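A.B. asks: Just to be clear, the model below is a prediction. Sequence and coordinates:
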Amino acid sequence: MNDHHVRDIRRELGTTLDPRRRGRVPLEVRLPLFIGALLLAIVVGMGYGAYAMGRRAAVDGATQRLGSVSEQLRDLFQQSATQLRTLAAASARKLAGSPKSAAALAYDGPAREQVVATQLRDGTGRVITSTGAWSAALDSARLGELTSMPANDSVLIAGFRVVNDSLVYPVVARVPDGSGYLVYWRKLSASRRAREQLTRLIGSEAALYLGSPSTGNWTDMETHAPPPVVDRARMLAAAQRIAGTPWELAVHFPLAPVMAPARALLRRIAALAAIALLLGLFGTWWITRYILRSLEATVQLRTAELSHVLNELRDAQETIVRKEKLATLGQLASGVGHELRNPLGVMTNAVYFLRLVLPQQAPQVTEYLDILQQQITLSEKIVSDLLDFARLKQPQRKLVSLGDVTRAQIARLGSTNGVSIENGVDGPEPKVLIDEVQIGQVVFNLLTNAVQAMDGAGRIVIRARRENGSVHYEVADNGPGIAPENLGKIFEPLFTTKARGIGLGLAVSRTLARANDGDLTVTSAAGQGATFHLKLPVATEVAA
């Protein structure tokens, strides 16, 4: 704001401050009220818009994740139902043409503790022979489903029933010789695998229900539960029918955790609005007393405050958009990665075959085969990064020598394009309790990044030391280093400064390190190389 503008404002304010021209309400009241109302309207409008966008994005993302998880759980139960049908059909075939004694009916398959009774029933559903701990209680149970069992279907899985305060369900298989039906009564137990998968993919707040709408019996995978009721105002829900059974799967998730980020944003906006409003009122009151001396400074202060609010809103919106992109990438990465691995394997085998059948090939052929193998290796790394990013497996930890891991990854690295590697971790020590495959992938990613950063000339130094109950494993290079403005972003997914790659290698590496109770950090200065620090707990302390 130049002096000419300030003089114009002073002249207009001087006219407004003239007691002969102003109204009954003094300027020191009117001006604060006007500014306060204006600031309040702007902040409330922008805050509500940001909150609405955040709320919509959170609900849409949670709904998509809930649907995806319910489909995965449906597939899990359908797979179990298919196994039950196959097992029951095989047992029924064994009974055909053989004596139908209680010993012949004894169940000898997997999960024996879940089978509480085994029966042989005739075509009317009457029990002919039975065995099992609950046979006395289940011999009187009616099986009306037998009369509706299709002639071309040899196995039937029926709905849940309550017996001895537990949920049971029958698996009925038609005996091929026409002597009756083999019935396995199975007790429904908590599906720990389904519960863990639900918690891992959505969160511990999610509720899983499995039941038979025809019988009205449901379970929350822990106890007998009433039929689930969906309160759309307070929860999200997804339901799936399980093929081959009369069962239905329902997954509920409360809206409160989904809305927590949007509400936190709204609280921050409200706090900023209150601060901005108070500062605006105070600043306006100050202007009315010292208008001619402090007008320019006050206007600049108001502008800075409004800019701060806008920056906060912009950062929040960018965070939401970034999370949506990462969620979409996570859903696509698994399928795309698996589809790409097969053709890459075919190309690798083709290169190996060509080297085998052309032992005396021309130098140009060897050169092009090397180039093709390098590009295949790069593509395989990108696919591995995608798969590692899409799903992180639970570490299978065992006592491993970091020296063995280092040598294996250096050998896996292959050609380094003129970059020398100095391995200072060549002995059996130090040893750590880790997932060898996961930490090996971390080391391989660090070596690959270092080779690519130096682009054909330089030196990589690998060293390790024990310090304060931890093993500090370092990969240092003398390349161009990392720019200061990129140090804080280097481990963010999809961030890359290279012409090739998708920016997942370091993000996946840090995730794998932390999954093994470690961490991955970096120190660097532009033009002075970079050193990546992999910190892992000492094996004896972890084992203790």
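C.D. replies: Sure thing, it's come through. Numbers count the residues shown, from 1 in each chain.
A.B. asks: If I look at His5, what pLDDT would I see?
C.D. replies: On pLDDT, His5 comes in at 49.
A.B. asks: what do you get for the one 4 residues further on?
C.D. replies: Here, the pLDDT recorded for Ile9 equals 48.
A.B. asks: can you pull out the strands in the stretch 51-200 of the chain?
C.D. replies: Counting by DSSP state E, counting those that start in this stretch, the stretch 51-200 of the chain forms strands over residues 115-121, 127-131, 155-157, 161-163, 166-174, 181-187, given from the N-terminal end onward.
A.B. asks: Contacts for the last one next, please.
C.D. replies: Judged by CB atoms under 8 Å, 6 or more residues apart in numbering, the contacts made with strand 181-187 from elsewhere in the structure are 84, 88, 91-92, 95, 105, 107, 113-123, 132, 134, 138, 141, 143, 146, 163, 166-175. Using the backbone N, CA and C atoms, a C-beta is placed for each residue, glycine as well.
A.B. asks: Ok, the longest one next?
C.D. replies: Residues outside strand 166-174 that contact it (CB under 8 Å, 6+ apart) are 84-85, 88-89, 91-92, 116, 134, 138, 141, 143, 145-146, 149, 154-162, 181-188, 212, 217, 219, 224.
A.B. asks: Please, a PyMOL command that selects the buried ones among these?
C.D. replies: In PyMOL syntax, the buried subset of those is picked out as below (16 or more other CB atoms under 10 Å):
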select buried, resi 84+85+88+89+91+92+116+134+138+141+143+145+146+149+154+155+156+157+158+159+160+161+181+182+183+184+185+186+187+188+212+217+219
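A.B. asks: Just the buried ones from the contacts of strand 181-187?
C.D. replies: Members of those that pass the buried threshold by neighbour count (16+ other CB under 10 Å) are listed as 84, 88, 91-92, 95, 105, 107, 115-121, 132, 134, 138, 141, 143, 146, 163, 166-175.
A.B. asks: Distance to Ala62 and mean pLDDT for the strands of the stretch 51-200 of the chain - can I get that in CSV?
C.D. replies: Compiled in CSV, the strands of the stretch 51-200 of the chain are given as follows (distance: least, CB to CB, whole Å; pLDDT from 0 to 100):
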stretch, distance to Ala62, mean pLDDT
strand 115-121, 38, 89
strand 127-131, 48, 88
strand 155-157, 32, 89
strand 161-163, 33, 88
strand 166-174, 29, 90
strand 181-187, 34, 90
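A.B. asks: Tell me which residues of stretch 36-46 come out buried.
C.D. replies: Judged by neighbour count using 16+ other CB under 10 Å, the buried positions of stretch 36-46 are 36, 39, 43, 46.
A.B. asks: Report the separation between the first one and Asn311.
C.D. replies: By that I understand Gly36. Between Gly36 and Asn311 the computed distance is 22 Å (CB to CB, to the nearest Å).
A.B. asks: next one: the third one
C.D. replies: Taking CB to CB as the criterion, Val43 is separated from Asn311 by 13 Å.
A.B. asks: can you check the second one too?
C.D. replies: Between Leu39 and Asn311 the distance is 16 Å, computed by CB to CB.
A.B. asks: Could you identify the most distant pair in the buried residues of stretch 36-46?
C.D. replies: By the measure CB to CB, those have their two most distant members at Gly36 and Met46, which lie 16.1 Å apart.
A.B. asks: Which residue, other than its chain neighbours, is closest to Trp247?
C.D. replies: Distances taken as CB to CB, 6 or more residues apart in numbering place Ser212 nearest to Trp247, at 5.8 Å, with adjacent residues excluded.
A.B. asks: pLDDT score assigned to that neighbour?
C.D. replies: According to the prediction, Ser212 has pLDDT 88.
A.B. asks: Do I have it right that it meets Ile242?
C.D. replies: No - Ser212 is not in contact with Ile242 according to CB atoms under 8 Å; the separation is 10.2 Å.
A.B. asks: what's the overlap in contacts for these two?
C.D. replies: By CB under 8 Å, 6+ apart, Ser212 and Ile242 have these common neighbours: Glu248.
A.B. asks: Quick check: which element contains Ile376?
C.D. replies: helix 363-390 (DSSP states H and E).
A.B. asks: Am I right that Gly211 sits in a helix?
C.D. replies: No - under the criterion used here (DSSP: H, G, I helix; E, B strand; the rest coil), Gly211 is strand, not part of a helix.
A.B. asks: my guess is it meets Glu248, correct?
C.D. replies: Yes - at 6.1 Å, Gly211 and Glu248 qualify as touching, with contact defined as CB under 8 Å.
A.B. asks: pLDDT below threshold where in the stretch 251-400 of the chain?
C.D. replies: Residues of the stretch 251-400 of the chain that meet the criterion pLDDT under 70 lie in 289, 291-299, 319, 321-339, 341, 378, 381-382, 385-392.
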